[in-house]
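Visitor: this one's sequence-less:
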């Protein structure tokens with residue numbers, strides 16, 4: 001008879017953001033995968049989102065330039081290469097002091113593209129989003145990592161999607177991408193397979 005050892009990890013932090021267990025994460029991923037719009041653009045009726053899928057998600061030239069083992073990191077690099085944002089700010093929530101990071105955002109003249117990596121806390125996600133809102137323009141893009149890692153993070157993502165300033169969101173399961181395009185008259189939320 002084999003001995004089975006269990007490792008119990010407690011994620012103690014603000015708001016008790018417990019990550020989903022493996023079975024729940026698998027269920028959520030498969031649910032996303034089968035409900036998401038095709039990752040090739042078929043059936044997407046928004047010209048801007050279709051362009052995003054064709055020119056960023058599936059652009060072979062940009063894929064070769066941004067060849068990383070992490071496809072999400074590579075995607076962020078392709079977005080920077082394609083959209084050419086005026087200012088790029090990248091924070092790793094797991095290793096940054098939130099007060100210092102919020103001061104950095106506050107001191108920025110504007111934010112063209114903001115990428116929050118390794119975030120495991122819903123309250124932090126909301127705080128970073130609210131701080132970045134003050135520095136955005138119609139061309140700004142926010143990218144949040146781990147939006148489906150816990151119930152609390154999913155709730156924060158839903159709150160971000162409902163914000164009046166947000167015009168368009170794209171859910172790639174691991175990444176949530178937020179656009180503020182003023183030319184977009186109606187709010188749209190897309191879930192795309194990636």
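Guide: Cool, the structure landed. A quick note: this is a predicted structure, and the numbers were derived from the prediction, not measured.
Visitor: from here on, just use CA atoms for contacts and neighbour counts.
Guide: Noted.
Visitor: which element is the closest residue to residue 190 other than its chain neighbours on?
Guide: Leaving aside its sequence neighbours, residue 190 sits nearest to residue 170 (CA to CA, 6 or more residues apart in numbering; 4.8 Å). Per DSSP states H and E: residue 170 is located in strand 168-171.
Visitor: and that strand, which strands flank it?
Guide: strand 175-179 (antiparallel), strand 188-191 (parallel) (DSSP bridges).
Visitor: okay, buried residues for stretch 82-94 please.
Guide: Residues of stretch 82-94 classed as buried by neighbour count (16 or more other CA atoms under 10 Å): 85, 88, 91, 93.
Visitor: just these now: which is nearest residue 27?
Guide: residue 93 (26.1 Å; CA to CA).
Visitor: the closest residue to the closest one other than its chain neighbours: what's it in contact with?
Guide: Setting aside the residues directly before and after it, residue 93 is nearest to residue 119 in space (CA to CA, 6+ apart), at 5.0 Å. Going by CA atoms under 8 Å, 6 or more residues apart in numbering, residue 119 touches 92, 93, 94, 125, 144, 145, 146.
Visitor: from those residues, which land in strands?
Guide: 92, 144, 145 (DSSP state E).
Visitor: flag the least confident of those residues.
Guide: Within the set of these, pLDDT is lowest for residue 92 (85).
Visitor: how many neighbours does the closest residue to it other than its chain neighbours have?
Guide: Nearest non-adjacent residue to residue 92, counting by CA to CA, 6+ apart: residue 117, 4.6 Å away. For residue 117, the neighbour count with other CA atoms under 10 Å is 18.
Visitor: hmm, which helix or strand of the chain has the shakiest average pLDDT?
Guide: Lowest on mean pLDDT, DSSP states H and E among the helices and strands of the chain sits helix 60-65, with a mean of 64.
Visitor: next structured bit after that one?
Guide: helix 71-83.
Visitor: which positions within that next one qualify as buried?
Guide: So, applying 16+ other CA under 10 Å, buried residues of helix 71-83: 74, 75, 76, 77, 78, 79, 80.
Visitor: can you tell me how far the third one is from residue 162?
Guide: Yep, that's residue 76 we're talking about. Here residue 76 is placed at a distance of 23 Å from residue 162 (CA to CA, to the nearest Å).
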